[in-house]
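> no sequence on this one, just coordinates:
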DNA sequence: AAACGCTTTTCGGTCCACCGAAAACTCCTC
DNA sequence: GAGGAGTTTTCGGTGGACCGAAAAGCGTTT
């Protein structure tokens, strides 16, 4: 996992990777610009440079995707980000809605040596506090076969494998509801017209039912229970 | 301890502070440039900007020193640097010659929140792995009354309070010799003509004597034994 | 097929950190 | 007190990351 030159480039690769992680559409320039918090012109320039460097593939007026070399570098950044998040929660007592910002900065600052030490100290974790898989140093990625709760039929159940960290507020909301990794959940009833879903949390008599709105449902990924 | 805008500015303030920490001469531009690893023209420009910002004091063709505001910001950077070094050694198993580089980068990346957590986790340490005092959040600095071994008369003894971290090689050398913080040392004999000093390490019958060259002697700071 | 709206690209332009060369200055020596 | 060595400053210039405005291209609609 070689390192790209600059933080801006790392952020760009990381964002393109993230866009393709849970779906496989090429990201558009405007979405990229928005995700990076820069103007479209800046994003366009950055993409041009990374394309010239052989890290991105991009046809004029088309979507952006990673080359194999770009994917490797992106995986490095993502690995750093997620290991740091894991460390912040496990060792420094951060809550899961606080870690993202901090990791966003630190991912550009930690050396390979430090990353190794963190990894060892944490026992080579396979997922970060939100359940996102931590890429391995060799470029492979642990892939639990999780599905978004939004895609599961009524009656389906499983354990929470991932919660999208896109919005810290949502994370705090889930924390309040007691929703966390490995919690058992079941889709009880969909009310499409109302945009909500009734979800049963926990197994057995201790379980509770909550009404989740569509955005919240889409943020929860579940590993279907073996049956 | 407010934060200056950029890493380059932080490094500049930190270096000016470091120059005045163990002596009180103003640093010259050329030394500053050398310490920062930039050309004199770059250093000159940086100093001009920080002077305009009210953080440095500088008369044309004269030395550079911190204003009160500059000192506060410098203390912030130094605090971050030294707490990080302490953390790397205490929690991640770094040896004391490895930490400087890493902290050099991380000091610009850690947030106040993370610094607080580190500080708490480490038990609010007062000195870093080399014995350098860690400035407190309020801007005060713990000041052990240490002297360079080079300034002590023959026969004087005390405990090692600080070892200059200017040169990692020297640190590794000391580690090999078993010289570390709080070790009891005594100046046995000076051989000025030869540029060496005989130093007794440890108290009682278990003590050993070693011959240290001038640079090594100057790097060791001692808290004189109360008598 | 012309026109519209949207996205993408290009085009100046800014700011920061850096450099080397040349000019300005200090200070020491003779 | 005139030179000269060394330091400091100024000056012009580079590359990176950013911006807004304007041009170019795409897809769709009329």
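Now that the structure is in, tell me what you want to look at. Note that the structure is a prediction, hence the values are computed from the model and not measured. Numbering: from 1, shown residues only, chains lettered A, B, ... in the order given.

> quick one, phi psi at the residue lying farthest from the centre of chain A?
Here chain A reaches farthest from its C-alpha mean at residue A:205, the gap being 32.3 Å by CA atoms, centre = their mean. Residue A:205 adopts backbone torsions of phi -70, psi -20, taken as degrees, to the nearest 10.

> and the gap between it and residue A:130?
Distance, residue A:205 to residue A:130, using CB to CB, to the nearest Å: 29 Å. Bear in mind the C-beta positions are built from the backbone N, C-alpha and C, glycine included.

> around DNA strand C, pick out the residues from chain A.
A:28-31, A:40-41, A:44-45, A:47-48, A:58, A:60-63 (CB under 7 Å from any atom of the strand).

> how much space between residue A:180 and residue A:217?
16 Å.

> show me which of the two is the more surrounded one.
residue A:217 (19 against 15; other CB atoms under 10 Å in any protein chain shown).

> show me what contacts the closest residue to chain B within chain A?
Nearest to chain B, among the residues of chain A, is residue A:109, at 3.8 Å (CB to the nearest CB). Applying CB atoms under 8 Å, 6 or more residues apart in numbering or on different chains to residue A:109 gives the contacts B:105, B:106, B:108, B:109.

> with residue A:179 instead?
Per CB under 8 Å, 6+ apart, neighbours of residue A:179: A:160, A:163, A:185, A:201, A:220.

> and what of residue A:3?
A:10, A:73, A:76.

> quick one: mark the members of these that sit in helices.
The members of those that map onto helices under DSSP state H are A:10, A:73, A:76.

> list the residues that contact the nearest residue to the first one once chain neighbours are set aside.
Right, residue A:10. Of all residues not flanking residue A:10 in the chain, residue A:77 sits nearest, at 4.8 Å (CB to CB, 6 or more residues apart in numbering or on different chains). Residue A:77 makes contacts with A:10, A:11, A:13, A:14, A:17, A:107, as judged by CB under 8 Å, 6+ apart.

> my guess is residue A:157 contacts residue A:223. True?
No. Counting by CB atoms under 8 Å, residue A:157 stays clear of residue A:223, with 10.3 Å between them.

> can you map out the strands along chain A?
A:56-58, A:64-66, A:147-148, A:157-163, A:184-191, A:196-201, A:208-213, A:220-224 (DSSP state E).

> center of chain A - which residue?
The centroid of chain A falls nearest to residue A:132 when counting by CA atoms, centre = their mean (5.0 Å).

> contact partners for that one?
Residue A:132 makes contacts with A:82, A:162, A:165, as judged by CB under 8 Å, 6+ apart.

> tell me how far it lies from residue A:165.
Plainly put, residue A:132 is 7 Å away from residue A:165 if you go by CB to CB.

> re the thing from before, once you drop chain neighbours, what's closest to the residue of chain A closest to chain B?
Closest residue to residue A:109 apart from its sequence neighbours, by CB to CB, 6+ apart: residue B:109 at 3.8 Å.

> how about low-confidence regions in chain A?
A:4, A:226-227 (pLDDT under 70).

> how's chain A carved up into domains?
In the domain annotation for chain A, the residue ranges read A:1-143, A:147-224 (automatic domain parsing).

> which one of those lies closest to residue B:69?
Ranking the domains of chain A by proximity to residue B:69 (CB to CB) places domain A:1-143 first, at 24.7 Å.

> what parts of chain A come near DNA strand D?
When proximity is defined by CB under 7 Å from any atom of the strand, chain A lies next to DNA strand D at A:5-9, A:36-42, A:45-46, A:49, A:60-61.

> how many residues are close by residue A:213?
Neighbours around residue A:213, by other CB under 10 Å: 13.

> still on that earlier bit, closest to residue A:151 among the contacts of residue A:179?
Nearest to residue A:151 out of the contacts of residue A:179 is residue A:220 (CB to CB; 10.8 Å).

> re earlier: ok, and the most crowded of the contacts of residue A:179?
Neighbour count (other CB under 10 Å) singles out residue A:220 as the most crowded of the contacts of residue A:179, with 26 neighbours.

> tell me which residues in stretch A:162-181 are buried?
Applying a neighbour-count criterion of 16 or more other CB atoms under 10 Å in any protein chain shown, one finds A:162, A:163, A:164, A:165, A:170, A:171, A:173, A:174, A:179 buried in stretch A:162-181.

> can you pick out the most distant pair from those?
Pairwise distances across the buried residues of stretch A:162-181 peak at 16.0 Å for A:162 and A:173 (criterion: CB to CB).

> what are the boundaries of the helices in chain A?
Under DSSP H, chain A gives helices at A:7-21, A:29-36, A:40-52, A:68-92, A:99-106, A:112-121, A:168-177, A:214-219.

> quick one: closest of those to residue B:189.
Between residue B:189 and those, the shortest separation by CB to CB is 40.9 Å, and it involves helix A:112-121.

> now that closest one against helix A:68-92, angle please.
60 degrees (axes from the mean of the first three to the mean of the last three CA atoms, to 10 degrees).

> contact partners of helix A:112-121?
Under CB under 8 Å, 6+ apart, the answer for helix A:112-121 is A:79-80, A:83-84, A:87, A:91, A:110, A:125, B:88, B:91-94, B:98, B:102.

> related to what we said a few turns ago, would you reformat the ones in helices among the contacts of residue A:3 as JSON lines and include neighbour count?
Shown next, in JSON lines, are the ones in helices among the contacts of residue A:3 (neighbours: other CB atoms under 10 Å in any protein chain shown):
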{"residue": "A:10", "neighbour count": "21"}
{"residue": "A:73", "neighbour count": "23"}
{"residue": "A:76", "neighbour count": "23"}
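
> for those, which one is nearest DNA strand D?
When the ones in helices among the contacts of residue A:3 are compared for distance to DNA strand D (CB to the nearest atom of the strand), residue A:10 wins out at 8.8 Å.

> isn't that closest one up against residue A:108?
Yes. Judged on CB under 8 Å, residue A:10 makes contact with residue A:108 at a distance of 6.0 Å.

> quick check: neighbours shared by the two?
Common contacts of residue A:10 and residue A:108, defined by CB under 8 Å, 6+ apart, are absent altogether.

> surely residue A:89 is in contact with residue A:97?
No. Taking contacts as CB under 8 Å, residue A:89 lies outside contact range of residue A:97: 10.4 Å.

> which residues do those two both contact?
Joint contacts of residue A:89 and residue A:97 (CB under 8 Å, 6+ apart) do not exist.

> now for residue A:124, how many residues are close by?
For residue A:124, the neighbour count with other CB under 10 Å is 11.

> coming back round to it: dump the contacts of residue A:109 to JSON lines, plus distance to residue A:192.
Listed next are the contacts of residue A:109 as JSON lines, based on distance: CB to CB, whole Å:
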{"residue": "B:105", "distance to residue A:192": "51"}
{"residue": "B:106", "distance to residue A:192": "49"}
{"residue": "B:108", "distance to residue A:192": "49"}
{"residue": "B:109", "distance to residue A:192": "45"}
